[in-house]
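S.K.: For reference, the sequence and a predicted model appear below.
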4 protein chains.
Amino acid sequence: MRAVKSDFRFSYAMRVRFADTDLQGIVFNGNYLTYYDNAWTEYFRELGLTYNACLERGLDTVLARTTIEFKSPARFDDLLEVFVRVSHIGNTSIVFDFEIYPKGDERLVGTASSLYVCVDPKTLKKITAPDWLRSAVSKLEKKDFYDSLGD
Amino acid sequence: MRAVKSDFRFSYAMRVRFADTDLQGIVFNGNYLTYYDNAWTEYFRELGLTYNACLERGLDTVLARTTIEFKSPARFDDLLEVFVRVSHIGNTSIVFDFEIYPKGDERLVGTASSLYVCVDPKTLKKITAPDWLRSAVSKLEKKDFYDSLGD
Amino acid sequence: MRAVKSDFRFSYAMRVRFADTDLQGIVFNGNYLTYYDNAWTEYFRELGLTYNACLERGLDTVLARTTIEFKSPARFDDLLEVFVRVSHIGNTSIVFDFEIYPKGDERLVGTASSLYVCVDPKTLKKITAPDWLRSAVSKLEKKDFYDSLGD
Amino acid sequence: MRAVKSDFRFSYAMRVRFADTDLQGIVFNGNYLTYYDNAWTEYFRELGLTYNACLERGLDTVLARTTIEFKSPARFDDLLEVFVRVSHIGNTSIVFDFEIYPKGDERLVGTASSLYVCVDPKTLKKITAPDWLRSAVSKLEKKDFYDSLGD
């Protein structure tokens, strides 16, 4: 079931670039995966964890699977708000949910649900999602992510 | 269940560009959606239907949903083979399946399954998948797509 | 002769995206042209002129020539400041100068000088740079752009 | 003075992707730098030197300056021919000239002239352009690049 804006405790505002449009006059669908990737980066910044900080602590992540829905078009110069939340932390995986709306508008532009796998930055082998990550996410999401060890 | 190469009757070879890589030294995940989009274009060319030819016949399509899996990395200058097939034509929708392998290699790089909706090029309202499209796809896929009217 | 930061009255801050990097671990050189394009958009916003507002007033512009210099690398997550100014308005042309620095840093990342031609949005034929544009630029740059009719 | 097609001994054919277009219905100008970069890769392949082969021999190159001219638009699905030649090898630098035409057409789409600097792959310090590179280029261009030591 789709979330509503109030289910999200973090969002990131971004401007559609001229470069992102295509000959249909709207944002090229291939660009949304990059939009979600950017929002993911900003979510980690909100956690107090830059990408480099995670690497130094021995955590990298790889995107394993994503499902993207395209609901309505976005256009050049639109100010978009990308809502991000962690919906699940498994033994070695993290699921992020995303929704995009024009800022201040209820028209849903698109959604994504992305499964990331925790890996060792050097070997790229799967590792257990570290406790400090569970802790930081639990704090931001105001929800317990400690015992979701299923995956 | 995942297809095997022999389930596909069309593939498209492409070279990974320097521009497509990221700081991890591999193809940036956001680029795969564009790779699948390119392969989609080439599939239509194989059908004898360029994008402009479809527009002239009153058909445009919009991507409504895609699920992408990332199986193993691709790198700069890799020659990739993108396998494409239509797996379903509904009343107004078409489902494309994609798989990417390094050319001549059995290592799966990634897969996608994408649901496109047929629309009128002017109004962008949903339209029924036209018979000439069913016919062209049936011929290429050597499989009957005339009665899959569920969707 | 190269400008110094104090020669610019407008700058635009932007974050380097993961997507913008390449396998050398730095921003892919092909992305800088897009960075300068974004900064151009923001300069017009500062003038009080969005792209659509210009179109409605009968002005579109096309990039005719650009010279880009690459001075030092930028990296993922760097906060960059793109300085923009108009250095010349000819009869039908506008020259923009750009410089990029990491925010709060004196290390020059790159420069560009770009010649845009004013065109009619419908016919794409060259038109004279409109007075309202000269006026808006003169006001922002605190410099007279009314008599530079040489082109 | 601009070259003519017959001045080039190498060209590379490429298809304009849907992703490369913008809301003006033409190739976004920011993409041309990537087009020239791809053509550069293919020129080295023609020399028998892949990027990795150069790295192994102790040569990397960085783009220091490029001047790009935009002459006429290219559109989705256009088959473009990118002509490439080396016009100068200095002490530590190499100048590449590029021209793009629609395949089989005399309409010039754009040009670029790009100055690359030879660097050590590990230290990224400037190095002298190696003799094996001068030799390979001289052979392809049927022109002597051994004594152009000015830079």
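M.R.: Thanks, I have the structure now. Numbering: from 1, shown residues only, chains lettered A, B, ... in the order given.
S.K.: For residue A:58, which three-state class applies?
M.R.: coil (DSSP: H, G, I helix; E, B strand; the rest coil).
S.K.: separation between it and residue A:95?
M.R.: Here residue A:58 is placed at a distance of 21 Å from residue A:95 (C-beta to C-beta, to the nearest Å). C-betas here are computed from N, CA, C, even on glycine.
S.K.: and what of residue A:50?
M.R.: According to C-beta to C-beta, residue A:50 stands 21 Å off from residue A:95.
S.K.: more neighbours, these two?
M.R.: Ranked by neighbour count (other C-beta atoms under 10 Å in any protein chain shown), residue A:50 and residue A:95 place residue A:95 first, with 17 against 14.
S.K.: tell me which element the more buried one falls in.
M.R.: Using DSSP states H and E, residue A:95 sits in strand A:93-102.
S.K.: In that strand, which of the residues would be classed as buried?
M.R.: A:93-102 (16 or more other C-beta atoms under 10 Å in any protein chain shown).
S.K.: Please name the nearest non-neighbouring residue to the residue of chain A positioned farthest from its centre.
M.R.: Farthest-out residue of chain A from its mean C-alpha position, per C-alpha atoms, centre = their mean: residue A:23, at 27.4 Å. Among residues not flanking residue A:23 along the chain, residue D:21 sits closest, at 4.0 Å (C-beta to C-beta, 6 or more residues apart in numbering or on different chains).
S.K.: what's the distance between the one you found and residue A:146?
M.R.: Taking C-beta to C-beta, one finds residue D:21 at 48 Å from residue A:146.
S.K.: The two - which one has more neighbours?
M.R.: Neighbour tally, residue D:21 and residue A:146, criterion other C-beta under 10 Å: the higher count belongs to residue D:21, 23 against 11.
S.K.: That one pairs with what?
M.R.: residue D:27 (DSSP bridges).
S.K.: Tell me how far it lies from residue B:37.
M.R.: Applying C-beta to C-beta, the value for residue D:21 to residue B:37 is 12 Å.
S.K.: ok, now residue A:42?
M.R.: Taken as C-beta to C-beta, the span from residue A:42 to residue B:37 is 26 Å.
S.K.: neighbour count winner among those two?
M.R.: Shown here are residue A:42 and residue B:37; by other C-beta under 10 Å, residue B:37 has more neighbours (21 against 17).
S.K.: from memory the more buried one sits against residue A:32, does it?
M.R.: No - judged on C-beta atoms under 8 Å, residue B:37 makes no contact with residue A:32 at a distance of 11.7 Å.
S.K.: tell me which element residue A:133 is part of?
M.R.: Going by DSSP H and E, residue A:133 is part of helix A:131-141.
S.K.: Excluding chain neighbours, what is closest to the residue positioned nearest the centre of chain A?
M.R.: By C-alpha atoms, centre = their mean, chain A has its centre lying nearest to residue A:40, at 3.7 Å. Of all residues not flanking residue A:40 in the chain, residue A:96 sits nearest, at 6.2 Å (C-beta to C-beta, 6+ apart).
S.K.: Just list the residues touching the one you found, thanks.
M.R.: Neighbouring residues of residue A:96 by C-beta atoms under 8 Å, 6 or more residues apart in numbering or on different chains: A:36, A:40, A:43, A:84-87, A:112-114, A:116.
S.K.: Tabulate the residues you listed (JSON lines), appending distance to residue A:72.
M.R.: What follows is the contacts of residue A:96, written out as JSON lines (distance: C-beta to C-beta, whole Å):
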{"residue": "A:36", "distance to residue A:72": "16"}
{"residue": "A:40", "distance to residue A:72": "22"}
{"residue": "A:43", "distance to residue A:72": "23"}
{"residue": "A:84", "distance to residue A:72": "19"}
{"residue": "A:85", "distance to residue A:72": "21"}
{"residue": "A:86", "distance to residue A:72": "25"}
{"residue": "A:87", "distance to residue A:72": "23"}
{"residue": "A:112", "distance to residue A:72": "15"}
{"residue": "A:113", "distance to residue A:72": "18"}
{"residue": "A:114", "distance to residue A:72": "20"}
{"residue": "A:116", "distance to residue A:72": "26"}
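S.K.: any chance of the residues you listed in a markdown table, plus pLDDT and secondary structure?
M.R.: As requested, the contacts of residue A:96 are exported to a markdown table (pLDDT from 0 to 100; DSSP: H, G, I helix; E, B strand; the rest coil):
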| residue | pLDDT | secondary structure |
| --- | --- | --- |
| A:36 | 98 | helix |
| A:40 | 96 | helix |
| A:43 | 97 | helix |
| A:84 | 98 | strand |
| A:85 | 97 | strand |
| A:86 | 97 | strand |
| A:87 | 96 | strand |
| A:112 | 98 | strand |
| A:113 | 98 | strand |
| A:114 | 98 | strand |
| A:116 | 97 | strand |
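S.K.: got the residues of chain A near chain D?
M.R.: A:18-19, A:21-23, A:25-26, A:28, A:30, A:75-76 (C-beta under 8 Å from any C-beta of the partner chain).
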